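Undergrad: the sequence and its predicted three-dimensional model are supplied below.
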Amino acid sequence: MAKKETQFVQEITSRDVDFAKWYTDIILKTDMCDYTDVKGCMTIKPYGYAIWELMQKEMDQRFKDTGHQNAYFPLLIPESMLMKEAEHVEGFAPEVAWVTHGGNEKLQERLAIRPTSETIIGTMYSKWIQSYRDLPVLMNQWCNVMRWEKSTRPFLRTSEFLWQEGHTAHETHDDAVEETLRMLDVYYDFMVNVLAIPVIRGGKSESERFAGAEATYTCEALMHDGKALQMGTSHFLSDHFARAYDIKYLSREGKQEYCYTTSWGTSTRMIGGLIMVHGDDRGLKLPPKVAPIQVVILPIAMHKEGVLDKANELFEQCKAAGLRVKVDDSEQSAGWKFNQWEMKGVPVRLEVGPRDIENGVVVAVRRDTLEKITLPMEGLAERLVEMMNEIHEGMLNAALEHRLAHTTTAENFGEFMDGVKKGFVRAPWCSDADCEIEIKCITGASTRCKPMEEDTNVEGCKCILCGKPAKTLMYFARAY
RNA sequence: CGGGGUGUAGCGCAGUUUGGUAGCGCAUCUGGUUUGGGACCAGAGGGCCGCAGGUUCAAAUCCUGUCACCCCGACCA
């Protein structure tokens, strides 16, 4: 017994001992991804990609439900096109990868590999939009983008990554703001109700804003090690890009007006968030809605008569109930399979052995609580469907509890310093960019967001660092 | 981009100081016994020692260059 436990520890580094090593152990050993020899790029293997596909499906449905359509725009952006919005260029220039040759010939104009598509989509929109009757334009693109990052980490920050970027154009300022917030809410709904990650919605500080945006809203999650992760952003671009890319329409009053545009995106980075929020020393822990396998059936002593048949019977029953289910009839010892599927994060494991068959029951083991529950075979699938919801709720609550336990409200700088070591810190802040930089230098914490669901009125309070009158309550944290 | 570290079988590593036939554990394959928390016995396969130059009779080992990855900073809409 003792020996077996030791062997397990050797396989995955303990989460509390070395969080970074634990993270890479999990993604490599659960077959989610692999490194390639291309700088900062990774291969997403079938198990990781299956999770992404489930995320895509859930998000895409939400985009459709809010009136958006999918489209596809080119990977390569001519340099001159990219250069039109000054602030945008300045923000992205350091991380753009360039195509300089076509075959053997040097190109007259370099082509940027898209770091994001505002510029090329803006260019297309200017051709497509003529009249207020064409508005709003609500499109989304599923694609890859490339940003030449200096340091990379699988899923969290890679040179190339998969994402979705929504781009919309509207008649009025208010319409665009409304869209920006609507999509933030779609993200929130997705993260809470699909990923079981309780995120904080809010506005970014000026310096953390998207290059060229008037306002950036974010969903911020707290990882188990107390660092924050920006899970998704929604930008109100005002008429900045419309002016740069000449997106104009003839108004109801017969005048040429600039559109107001938005953009919003989420990426495979969320997979990293999923791991770091829910995972434990046994490995991955997947919320049922994005688990490629929701129920794994393990026949015990499977060569004994009737065992495999019963397992397959249960498989059919679960499948008919709409569960993603698998029978593991591989020639491994039962103990090995237990650990393997726990590591892969499968929400429920069913054990079926001769003893169970005799008694007309199966043993179900929940991945989130490791609780063993004996269930009658009768009505099993229905019970499991319910259990999926219970697991989702359980995981969401556990993550929320962890977040609340690692969120402090700082009244002085000493409390701020202590709080930053633990997780989120709520503090009154002057909104000054220099003060923000200083806080980051001293504590390593950056501003995460001005929360939308909390009272941010700090009238009469002083800024946590500089002591000047505070303008707002702000969330701070060290971040990925 | 600075400071440190690592590249040897699918994974984890030894061997490098002092040049001399490529090693270990796990995994894999074959056959058999097993299976309720990481099973056992017997046998087998697997390598351009990151890549490119150089020194040498001889290089995983010494020298030069280069690439990639990891950690700490800086950077990161």
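TA: Everything's here; your move.
Undergrad: in the lengthiest helix in chain A, what's buried?
TA: When chain A is parsed with DSSP state H, its longest helix is helix A:380-405. Neighbour-count burial for helix A:380-405, counted by 16 or more other C-beta atoms under 10 Å, picks out A:380-381, A:384-385, A:387-388, A:391-392, A:394-396, A:398-399, A:402-403. Quick note: C-beta positions are derived from backbone N, CA and C, even for glycine.
Undergrad: which other helices and strands contact it?
TA: Using 3 or more C-beta pairs under 8 Å, 6 or more residues apart in numbering; DSSP states H and E, the elements in contact with helix A:380-405 are strand A:215-222, helix A:269-278, helix A:307-320, strand A:348-352, strand A:361-366.
Undergrad: for those, give me a markdown table that also has distance to A:D175, mean neighbour count and mean pLDDT.
TA: Shown next, in a markdown table, are these (distance: least, C-beta to C-beta, whole Å; neighbours: other C-beta atoms under 10 Å; pLDDT from 0 to 100):
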| stretch | distance to A:D175 | mean neighbour count | mean pLDDT |
| --- | --- | --- | --- |
| strand A:215-222 | 15 | 25 | 96 |
| helix A:269-278 | 28 | 25 | 94 |
| helix A:307-320 | 45 | 17 | 96 |
| strand A:348-352 | 45 | 23 | 97 |
| strand A:361-366 | 46 | 19 | 97 |
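Undergrad: make a markdown table out of these and add distance to RNA strand B.
TA: Formatted as a markdown table, the helices and strands packed on helix A:380-405 follow (distance: least, C-beta to the nearest atom of the strand, whole Å):
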| stretch | distance to RNA strand B |
| --- | --- |
| strand A:215-222 | 5 |
| helix A:269-278 | 8 |
| helix A:307-320 | 8 |
| strand A:348-352 | 3 |
| strand A:361-366 | 4 |
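Undergrad: distance to A:C441 for the ones you listed - can I get that in CSV?
TA: As requested, the helices and strands packed on helix A:380-405 are arranged in CSV below (distance: least, C-beta to C-beta, whole Å):
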stretch, distance to A:C441
strand A:215-222, 21
helix A:269-278, 25
helix A:307-320, 54
strand A:348-352, 47
strand A:361-366, 45
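Undergrad: which stretch among these comes nearest A:G444?
TA: A:G444 lies closest to strand A:215-222 among these, at 15.3 Å (C-beta to C-beta).
Undergrad: what strands line up against the closest one, and which way round?
TA: Taking DSSP bridges as the criterion, strand A:215-222 sits next to strand A:200-203 (antiparallel), strand A:228-236 (antiparallel) in its sheet.
Undergrad: local confidence estimate at the residue in the stretch 351-480 of chain A positioned nearest to RNA strand B?
TA: Taking C-beta to the nearest atom of the strand, RNA strand B has its nearest neighbour within the stretch 351-480 of chain A at A:G353, 2.3 Å off. Per-residue confidence (pLDDT) for A:G353: 95.
Undergrad: and for it, the neighbour number?
TA: Neighbourhood size, A:G353 [other C-beta atoms under 10 Å]: 19.
Undergrad: over to A:C435?
TA: 18.
Undergrad: wait, it touches A:L465, no?
TA: Yes: A:C435 lies in contact with A:L465 (C-beta atoms under 8 Å); the separation is 5.5 Å.
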